[in-house]
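Enquirer: here is a sequence together with a model predicted from it:
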Amino acid sequence: MFKDHNESYEQIREAVKRLCASFPGEYWRQQDSESRYPTEFVQALVDTGYLAALVPEEYGGSGLDLKAACIILETIHETGCNGAACHAQMYTMGTLLRHGSETQKQRWLPGIANGTLRLQAFGVTEPDSGTDTTRITTTAVRDGDHYVVNGQKIWTSRVGHSDLMVLLARTASRDTMPKPTQGLSVFMVDLREEVGHSITITPIETMINHSTNSVFFDDLKVPAENLIGNEGEGFGHILDGMNAERILIGAECIGDARFLVQRAAAYASEREVFGRPIGQNQGIQFPIAEAHIQTEAAALMVEKAATSFDEGQPCGTEANMAKLLASEASWKAADVCMQTLGGFAFALEHDVERKFRETRLYRIAPISTNLILSHVGTHVLGMPKSF
Ligand SMILES: Cc1cc2nc3c(=O)[nH]c(=O)nc-3n(C[C@H](O)[C@H](O)[C@H](O)COP(=O)(O)OP(=O)(O)OC[C@H]3O[C@@H](n4cnc5c(N)ncnc54)[C@H](O)[C@@H]3O)c2cc1C
């Protein structure tokens, strides 16, 4: 049943909490121990319409704003669940929505909204280009009515659980372009018939259960009609979606931080050592209070960035700052929570070590803290660029 479009933010929060109650810590620990994709959880989000929050109603989605999507992901994380198995569907779809033709939107968005088409994967990062996206070397060469793709992506998450993938590839060599950001193009790749043939997926074992992979393209034929937006302007098309991604990941970090602060405060109030609760000692109490304060300050920045996004204002800097503050807050909360639980933090049953591992990712992906500092230092404060 799709959610009622008139639900208020608070109603959405309560409804997502109820959904998450069916997926307690045991469920996530089992997924972790088996390196399993949380199919049931993702299906529940599809069935309730929350995964299609940002798809406009005319294409069968919930037509909600980014603030609502933030509340959905924040609540998922605050309850101890993990949205990373499916969060990409929310923002990857934005590239199609903003830059796709009407025919492309009619072709894919209704299926994405009703769950019959999974758009969980996006392939941008490559082993040798790292953060410098303009140096990607995967090529798409036009040949009649299709493009031929060759190359390799790394860290392509959820590609084994997706029907479609948004792919960034070079359609013109970097050296021949006036600017390095030119000559990149975005494609919608239909994975269903190509995996095992012109697409090879190799899973990467990681410290978190994230279903991430290396992906190899060997003469993959992509129909020319699957080019999203204009050829050569793909970098700009992808950047648009990155603001949404950073804000939504920021919201997940706020959820993680609240989960960890609550766990720490509850444990500190109960655990007695030397005849009194450890939380009575300010050495334990103050770091938890500090983590809470940092979390709520970061939450305001996430909200500000989401509001600017929803109003159609330029929000690149706000999105970056929100992601940085939120990921630092959740990392601080994770460390404080570990310290508060002492040895028990290492026992899987408390879900603290799992959140500690999961939330650490967001100081690195989807963009690392250093690159955000560089953006603020150069674009906002006008200092010289290091690269
Ligand atoms: C679990 C996981 C899932 C991911 N999922 C996806 C996905 O689905 N799709 C996708 O396309 N990508 C994905 N990524 C990739 C992710 O976006 C990149 O890892 C991230 O952008 C950092 O790039 P890198 O790892 O190549 O680091 P590098 O670019 O190699 O940088 C390494 C370190 O050096 C620092 N650094 C680099 N240059 C500078 C500089 N000039 N000044 C200061 N510091 C600098 C960086 O901040 C970083 O800390 C995923 C990554 C992980 C780990």
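Expert: Yep, it's here. Numbers count the residues shown, from 1 in each chain.
Enquirer: quick one: stretch 230-244 near the ligand?
Expert: No: contact of stretch 230-244 with the ligand (Cβ under 6 Å from any ligand atom) is absent, the minimum separation being 9.4 Å. Placement of C-beta: from N, CA and C, glycine included.
Enquirer: tell me the buried residues in that stretch?
Expert: 231-235, 237-238, 240-244 (16 or more other Cβ atoms under 10 Å).
Enquirer: so how far is it from its chain's centroid?
Expert: 16 Å (Cα atoms, centre = their mean, to the nearest Å).
Enquirer: cool, and stretch 302-309?
Expert: 16 Å.
Enquirer: tell me the secondary structure for the closest residue to the ligand within the stretch 101-250 of the chain?
Expert: Residue of the stretch 101-250 of the chain nearest the ligand, by Cβ to the nearest ligand atom: Gly130 (2.7 Å). The three-state assignment at Gly130 reads coil, by DSSP: H, G, I helix; E, B strand; the rest coil.
Enquirer: any idea of the mean pLDDT in the helix or strand harbouring Gln104?
Expert: When elements are assigned from DSSP states H and E, Gln104 belongs to helix 102-114. Mean per-residue pLDDT for helix 102-114: 97.
Enquirer: for stretch 298-308, same thing?
Expert: 98.
Enquirer: out of the buried residues of stretch 230-244, list just those in helices.
Expert: For these, the ones inside helices are 234-235, 237-238, 240-244, with DSSP state H as the criterion.
Enquirer: JSON lines please, covering these and showing pLDDT.
Expert: Shown next, in JSON lines, are these (pLDDT from 0 to 100):
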{"residue": "Gly234", "pLDDT": "97"}
{"residue": "Phe235", "pLDDT": "96"}
{"residue": "His237", "pLDDT": "95"}
{"residue": "Ile238", "pLDDT": "93"}
{"residue": "Asp240", "pLDDT": "77"}
{"residue": "Gly241", "pLDDT": "87"}
{"residue": "Met242", "pLDDT": "93"}
{"residue": "Asn243", "pLDDT": "95"}
{"residue": "Ala244", "pLDDT": "96"}
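Enquirer: okay, these in JSON lines with distance to Ala265 next?
Expert: Listed next are those as JSON lines, based on distance: Cβ to Cβ, whole Å:
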{"residue": "Gly234", "distance to Ala265": "46"}
{"residue": "Phe235", "distance to Ala265": "44"}
{"residue": "His237", "distance to Ala265": "44"}
{"residue": "Ile238", "distance to Ala265": "40"}
{"residue": "Asp240", "distance to Ala265": "39"}
{"residue": "Gly241", "distance to Ala265": "36"}
{"residue": "Met242", "distance to Ala265": "34"}
{"residue": "Asn243", "distance to Ala265": "33"}
{"residue": "Ala244", "distance to Ala265": "32"}
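Enquirer: hey, where'd the strands end up in the protein?
Expert: Assigned by DSSP state E, the strands in the chain fall at 121-123, 139-143, 146-157, 164-170, 184-190, 199-203, 212-223, 227-228, 272-273, 276-277.
Enquirer: so which of these is the most packed in?
Expert: Most buried of the strands of the chain, by mean neighbour count (mean count of other Cβ atoms under 10 Å): strand 121-123, with a mean of 27.
Enquirer: what packs against it?
Expert: For strand 121-123, the elements it packs on are helix 87-99, strand 146-157, strand 164-170, judged by 3 or more Cβ pairs under 8 Å, 6 or more residues apart in numbering; DSSP states H and E.
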